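Chemist: predicted model follows, preceded by the sequence.
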Amino acid sequence: MRYRSRVTAPAALIGTAVALSAGTSAHAATGKRPKHTAGPGPETLGDPVFPGLGNDGYRVCRYHLDLAWDATTRLVTATATLTVRATRALSRLSLDALGLDIADVRVDGDAVTHAQEGEKLRITPAAALRAHREAEITVRYTADPRRTLAHTAWVPTPDGFAVCPQPNSAHTLFPCNDHPADKADFTFRLTVPAGLRGVASGTLVSTEDLGDGRTAYTYTSREPIATELVQITVGDYAVKERFGPHGLPLRDVVPVARAAALEPALALTPNLVSWIEQRLGAYPFETYGLLPCNSDDANAFDFTGLETQTLTLYKPNYLLQAEPKIASHMMHELVHSYFGNSVSPATWADLWLNEGHADFYGLLYRYERGWADSLGLTTMEARMKDTYARGDQWRKSSGPVAAPNEANLFDSQRYLGGVLVLYALRRQVGEAVFDTIERTFLERFRNRSASTDDYIAVATQVAGQDLSGFLRDWLYGTKTPRMPGHPDWTVTPASSALTAPHSRRGGHYHENSATL
């Protein structure tokens, strides 16, 4: 799911990261140096929500993750190989890493000095990395999915694990540049005990019987993946395959013991894909499907569904409900394949682009079918009138739609508040122009990261009118603007006695989607 400088290519990202990081200790510490003099890379990209996340001085071209899970020790033994391209001469660089027991680090095959401090793995190569040249970094490590950390992506299950890296926990799985602005290609090799299955984002390219009671599964991604969208799972799963529109391969990864019970929910996906393709264009990846995690632990993860790329992670019991109870949220998660996955946020302050769009189309899908929402409402207009009335309170409690902080990142303001912005824009420019804005934005930034400013620029260009003032008032204003076409709508005055619009149960996660 997640800002304001335009990010359209790796070269542009560098300028954006520096601009966002101006004044931070990491950048200040580097100081000015001659253009070709090597120095340490900054240990932050200056994200406004997670200021310590990510690293500068290089971009990651590709990751190869080789993970082996031991059913006896329940530990993961792994090697992460990163191909990076330095954007400046580097005497030292850092990766994000937390809770990983590092055994060895090599750069281009040579053992190098390394140190872990906080959530950073600092790497000092024997010779400085030259600007604009690629280098291969190999990190061997072990991880315990059950380890207690300040935050973690691991979801232990009785027969293995799944992962939920969003927003800032991919680096508890593997050393990485853990920021959605630095998307990269991925391959995964998962070695598991015979009888279990290893599954990852992307497409299965090989299955190998190792002859020692283990099987290795290798997957590759056709499109780049942001670190927070990686999925890796191990367990007693069956893969159920079917086709969607235009022959799109669909694969669901289902606990073997639950396969029959979950089939009615899984069978909904082809029609969901057809509906969203009519509005946003062709599905952007090589496959799609659901992963009902093999765990009923209420504390396993603090959300109903999570949009890891090409696989949506779900609590299995949620999907046992009837279609009107689940299909709207299934649409929400599918929409993230477009907004959030194909086009990733430039910084986490842009989360509204992900969640606002997912709820917008999820609610449209619900209301088209006459299914009442959680408030008993059956039209978008009725829901938006109710949301509009809450606008000033939400802006006071959770800040403007596009200006979150870490504590309120997943409040309803990013979800329904984002829907309200999109509803206002559609009323301002008309449905036809709005639809063109959506498709143009997705086409222009496919497989890249984009900011709120990028969305405003596309809207202005497509509409043929300057929408910057209009959208900035809706996205950054402390008061709710007037709704186009609805001068009768009123906003309830904010009260300090009211709480923030969220129902947090812990961590960063949420149950705030209006499609639930």
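Modeler: Now that the structure is in, tell me what you want to look at. Because the structure is predicted, anything quoted here is derived from the model rather than measured. Numbering: from 1, shown residues only.
Chemist: helices and strands around the helix or strand containing Y219, which ones?
Modeler: Secondary-structure assignment from DSSP states H and E places Y219 in strand 214-220. On a contact count with 3 or more CB pairs under 8 Å, 6 or more residues apart in numbering; DSSP states H and E, strand 214-220 meets strand 185-193, strand 197-200, strand 203-209. All C-beta atoms are positioned from the backbone trio N, CA, C, and that covers glycine.
Chemist: make it 10 Å
Modeler: Where contact means 3 or more CB pairs under 10 Å, 6 or more residues apart in numbering; DSSP states H and E, strand 214-220 is packed against strand 58-69, strand 185-193, strand 197-200, strand 203-209.
Chemist: just how off-centre is it within its chain?
Modeler: 24 Å (CA atoms, centre = their mean, to the nearest Å).
Chemist: identify the residues contacting that strand?
Modeler: Here strand 214-220 makes contact (CB atoms under 10 Å, 6 or more residues apart in numbering) with 62, 64-66, 68-71, 185-210, 231-232, 234, 286, 310.
Chemist: on that earlier part again, most tightly surrounded among the helices and strands packed on strand 214-220?
Modeler: Each of the helices and strands packed on strand 214-220 was scored by mean neighbour count; the highest is strand 197-200, a mean of 26, by mean count of other CB atoms under 10 Å.
Chemist: tell me how far it is from the chain's mean position?
Modeler: Chain-centre distance of strand 197-200: 20 Å, with CA atoms, centre = their mean.
Chemist: of all the helices and strands packed on strand 214-220, which lies closest to T436?
Modeler: Minimum separation from T436 across the helices and strands packed on strand 214-220 (CB to CB) falls at strand 185-193, 30.7 Å.
Chemist: CA-only coordinates of the closest one in CSV, if you can.
Modeler: Taking C-alpha atoms only, strand 185-193 is exported to CSV below (Å, rounded to 0.1, in the frame of the first residue of the first chain):
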residue,chain,number,x,y,z
ASP,A,185,13.4,-8.3,-10.3
PHE,A,186,13.2,-11.4,-8.1
THR,A,187,13.9,-15.1,-8.3
PHE,A,188,13.2,-17.5,-5.4
ARG,A,189,14.5,-21.0,-4.7
LEU,A,190,12.7,-22.7,-1.8
THR,A,191,13.9,-26.0,-0.4
VAL,A,192,11.3,-27.8,1.8
PRO,A,193,10.8,-31.3,3.2
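Chemist: tell me what it is packed against?
Modeler: Helices and strands in packing contact with strand 185-193 are listed as strand 58-69, strand 76-86, strand 160-163, strand 197-200, strand 203-209, strand 214-220, strand 232-235; criterion 3+ CB pairs under 10 Å, 6+ apart.
Chemist: hmm, back to that, JSON lines for the helices and strands packed on strand 214-220, including mean pLDDT and distance to P484?
Modeler: Below are the helices and strands packed on strand 214-220 laid out as JSON lines (pLDDT from 0 to 100; distance: least, CB to CB, whole Å):
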{"stretch": "strand 58-69", "mean pLDDT": "98", "distance to P484": "41"}
{"stretch": "strand 185-193", "mean pLDDT": "98", "distance to P484": "43"}
{"stretch": "strand 197-200", "mean pLDDT": "98", "distance to P484": "45"}
{"stretch": "strand 203-209", "mean pLDDT": "98", "distance to P484": "44"}
